[in-house]
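A.B. asks: Provided below for reference: sequence and predicted model.
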Amino acid sequence: VQLQASGGGFVQAGGSLRLSCVASGFTFNEYAIGWFRQAPGKGREGVSCISNKDGTIIHGDSVKGRVTISSDVAKRTVYLEMNNLNFEDTATYYCAAENRGICDVGWDYWGKGTQVTVSS
C-alpha cells in the first residue's frame with residue numbers, strides 16, 4: 001500500500017494550490033481518502049475527506065468554503081484544491097486511507113506529507 005502526496009510549495013497569501021494523493025495497493029473505489037495537516041507545534045487537523053464508496057464529502061471548519069476535494073478513480077488520485085490561502089494554512093499536508101469508505105473514523109494507511117508554506 002502506498003499513498004503519495006504532492007503539490008505542496010510556497011504560495012503567497014490569497015493564492016491557490018492543488019494537492020494530489022496517488023494511491024496504490026488497495027481497492028481504491030471502496031476506500032475513503034482524507035487530507036490532514038500538521039503545523040509546527042500543533043496537533044494534526046483534519047482538512048477534508050471524500051468517500052469513494054458513497055461520495056460523502058466532509059470539510060474541516062477552518063477550510064470550509066476555501067477547499068474542494070475530488071477523486072479520479074481511473075487515476076487512483078484524490079485532489080485537494082485550496083483557495084484564498086492564508087498564513088494559518090502553512091503546514092505539512094498528509095493523505096490517508098480508510099478501508100470501510102467512511103470518513104471520520106480510524107485511518108488505515110498514511111502517506112508521507114507535502115509541505116505547504118504561505119507567505120504574507
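C.D. replies: On my side now, so go ahead.
A.B. asks: these two touch, right, M82 and V63?
C.D. replies: Yes. Using C-beta atoms under 8 Å, M82 is in contact with V63, at 7.1 Å. Every residue, glycine included, has its C-beta placed from N, CA and C.
A.B. asks: shared neighbours of the two, anything?
C.D. replies: D89 (C-beta atoms under 8 Å, 6 or more residues apart in numbering).
A.B. asks: ranges for the strands of this structure?
C.D. replies: Taking DSSP state E, the strands of the chain run over residues 2-6, 9-12, 17-24, 32-38, 45-51, 57-59, 67-72, 77-82, 91-98, 109-110, 114-119.
A.B. asks: do you know how far the most centrally placed residue in the chain is from G55?
C.D. replies: Geometric centre of the chain, nearest residue: W35, 2.4 Å, by C-alpha atoms, centre = their mean. To G55, W35 is 16 Å away according to C-beta to C-beta, to the nearest Å.
A.B. asks: likewise I69?
C.D. replies: 11 Å.
A.B. asks: next, the buried residues of stretch 51-65.
C.D. replies: S51, N52, K53, I58, H59, G60, V63 (16 or more other C-beta atoms under 10 Å).
A.B. asks: turn these into TSV, including pLDDT and distance to L17.
C.D. replies: As requested, these are exported to TSV (pLDDT from 0 to 100; distance: C-beta to C-beta, whole Å):
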residue	pLDDT	distance to L17
S51	98	23
N52	97	22
K53	96	27
I58	97	20
H59	97	16
G60	96	16
V63	97	12
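A.B. asks: nearest to C103, of those residues?
C.D. replies: I58 (4.8 Å; C-beta to C-beta).
A.B. asks: give me the nearest residue to T56, chain neighbours excluded.
C.D. replies: C103 (5.7 Å; C-beta to C-beta, 6 or more residues apart in numbering).
A.B. asks: what's the burial count for the one you found?
C.D. replies: Residue crowding around C103 was assessed by other C-beta atoms under 10 Å; the count is 20.
A.B. asks: quick one: low-confidence ranges for the protein?
C.D. replies: Residues of the chain meeting the criterion pLDDT under 70: none.
A.B. asks: tell me the spacing between the residue lying closest to the residue nearest to the centre of the chain once chain neighbours are set aside and G25.
C.D. replies: Nearest residue to W35, sequence neighbours excluded (C-beta to C-beta, 6+ apart): V47, at 4.3 Å. V47 sits at a distance of 23 Å from G25 (criterion: C-beta to C-beta).
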